[in-house]
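>>> For reference, the sequence and a predicted model appear below.
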Amino acid sequence: MQLPPELRNAIARQLEGVSRNLLSERAARISAHYRNGGGSAHALRDDLDALAYAVARMPATYAAVRNVLARFPERLPALSPVTILDLGAGPGTASWAAADAWPAISSITQLDSNALLLDLGRKLSASAMSGPLREARVVQTSLPTPLPHSADLILLSYTLAEMAAPDIRALLTSAWTSCAGALAIIEPGTPAGYERILLARNLLIEQGAKILAPCPHHQPCPLVAPDWCHFAQRVQRSRDHMLLKSADVPWEDEKFSYLIAVRDSLFTPAANARILAQPQITKAGITAKLCRLDGHAEFVQIPKRDPAAFKAMKKKDWGDEA
Ligand SMILES: C[S@@+](CC[C@H](N)C(=O)[O-])C[C@H]1O[C@@H](n2cnc3c(N)ncnc32)[C@H](O)[C@@H]1O
């Protein structure tokens, strides 16, 4: 997966005349800051930092969000959100993914505290094919805060990672109150990201939300530490991305954890288990790690001597419904 061509071109225009050595230095400093648990507010000091962030991280966060949004049609094929709230929107990455998933979206509102990322986002979306993305309402504000309006789809993409637990609870409560349809939360695919997803899952279920994905049930999560629920999306690297990351392969695997919660009126229960790791093909068949409808997680063997089941599972990937 890669960024849409208009977004790639818009980033390339911002990069014209920018020293790649300087950009790499900035990206390395920012990435060390995030690795040490720091947030965007202190990581990014000027426009060049914001651009380095976008080159280094937008392809991967876009890919993770796009992967998550692709889970909607499996369960809610008729869903076509019209209004979007992108909370902690940064340069607008998740809004781009939503506009790609549902071209019929008619209004996008982006909230974020970071003026540098919002400014860059405005410049990038000026080249978008999507009118609602070009005309997105951009609000600089510190979350949690009462949200400006309700929306069919609310996005929280890599935002909770930068907030303390009481603020996460307050933000999720106000997001759920403003959610007319679905709330999609995407976090880094680390144990800490998964913990925040669990916190969100418990809080949203308490508030009456139904979990559409990844969990095919509403029982407590069956995974036990050191295991944690996460998924992966392969991302194609641009030349600049390879340079920034001193990478020698033209792709990276973005690991993410996520949750999609929906209003009861939209919900249909899952009919299939969720595949929690890349299925392994052996001489005898396929081993797949599943989260089942009854709330248990287990490894199952699909033997080659059951050709129909074997063939069906061979087409499946980590994160798919089994
Ligand atoms: C890692 S970036 C992710 C940006 C974007 N959602 C994406 O997926 O690329 C986290 C974003 O959350 C924003 N953020 C963190 N805490 C915030 C807060 N309390 N209020 C508003 N925005 C916040 C940051 O400014 C930053 O833009």
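Looks like it arrived, so ask away.

>>> Quick one: the helices in this structure, in order.
Counting by DSSP state H, the segments of the chain that form helices are 5-15, 20-35, 40-43, 47-69, 72-75, 93-101, 115-125, 131-134, 165-177, 191-206, 239-244, 307-314.

>>> Quick check: residues of the chain near the ligand?
By Cβ under 6 Å from any ligand atom, the residues of the chain that approach the ligand are 39-40, 58, 61, 88-90, 93-94, 112-114, 117, 142-143, 157-159, 162-163. Any C-beta I mention is one placed from the backbone N, CA and C, and that applies to glycine too.

>>> Weed out the non-buried ones from these.
By neighbour count, with 16 or more other Cβ atoms under 10 Å, the residues of the chain next to the ligand hold 40, 58, 61, 88-90, 93-94, 112-114, 117, 143, 157-159, 162-163 as buried.

>>> burial measure for Thr141, as a count.
13 (other Cβ atoms under 10 Å).

>>> Enumerate every residue touching the residue lying closest to it once chain neighbours are set aside.
Closest residue to Thr141 apart from its sequence neighbours, by Cβ to Cβ, 6 or more residues apart in numbering: Leu111 at 5.5 Å. Leu111 makes contacts with 85-89, 139, 141, 143, 145, 147-148, as judged by Cβ atoms under 8 Å, 6 or more residues apart in numbering.

>>> in the sheet, who's paired with Leu111?
Residues found in beta-bridge contact with Leu111 (criterion: DSSP bridges) are Leu87, Val139.

>>> List the buried residues of stretch 163-178.
With burial defined by 16+ other Cβ under 10 Å, the residues of stretch 163-178 counted as buried are 163, 168, 171-172, 174-176, 178.

>>> Columns distance to Ser127 and pLDDT on top of these, output as JSON lines?
Compiled in JSON lines, the buried residues of stretch 163-178 are given as follows (distance: Cβ to Cβ, whole Å; pLDDT from 0 to 100):
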{"residue": "Met163", "distance to Ser127": "31", "pLDDT": "94"}
{"residue": "Ile168", "distance to Ser127": "33", "pLDDT": "97"}
{"residue": "Leu171", "distance to Ser127": "30", "pLDDT": "97"}
{"residue": "Leu172", "distance to Ser127": "33", "pLDDT": "98"}
{"residue": "Ser174", "distance to Ser127": "32", "pLDDT": "96"}
{"residue": "Ala175", "distance to Ser127": "29", "pLDDT": "97"}
{"residue": "Trp176", "distance to Ser127": "33", "pLDDT": "97"}
{"residue": "Ser178", "distance to Ser127": "29", "pLDDT": "96"}
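
>>> which one of the residues you listed is nearest the ligand?
When the buried residues of stretch 163-178 are compared for distance to the ligand (Cβ to the nearest ligand atom), Met163 wins out at 5.3 Å.

>>> Spatially nearest residue to the closest one (excluding sequence neighbours)?
Of all residues not flanking Met163 in the chain, Leu171 sits nearest, at 6.7 Å (Cβ to Cβ, 6+ apart).

>>> thought that neighbour was touching Pro144?
Yes. Counting by Cβ atoms under 8 Å, Leu171 touches Pro144, with 3.9 Å between them.

>>> So if we follow the domain assignment, how does this protein break up?
Split into domains by automatic domain parsing, the chain comes to 5-266, 274-314.

>>> sorry, back to before: now pLDDT and distance to Gly193 too, for the contacts of Leu111, in JSON lines please.
Output for these, formatted as JSON lines (pLDDT from 0 to 100; distance: Cβ to Cβ, whole Å):
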{"residue": "Leu85", "pLDDT": "98", "distance to Gly193": "21"}
{"residue": "Asp86", "pLDDT": "98", "distance to Gly193": "19"}
{"residue": "Leu87", "pLDDT": "98", "distance to Gly193": "16"}
{"residue": "Gly88", "pLDDT": "97", "distance to Gly193": "14"}
{"residue": "Ala89", "pLDDT": "98", "distance to Gly193": "19"}
{"residue": "Val139", "pLDDT": "97", "distance to Gly193": "26"}
{"residue": "Thr141", "pLDDT": "96", "distance to Gly193": "24"}
{"residue": "Leu143", "pLDDT": "96", "distance to Gly193": "18"}
{"residue": "Thr145", "pLDDT": "89", "distance to Gly193": "23"}
{"residue": "Leu147", "pLDDT": "94", "distance to Gly193": "23"}
{"residue": "Pro148", "pLDDT": "87", "distance to Gly193": "27"}
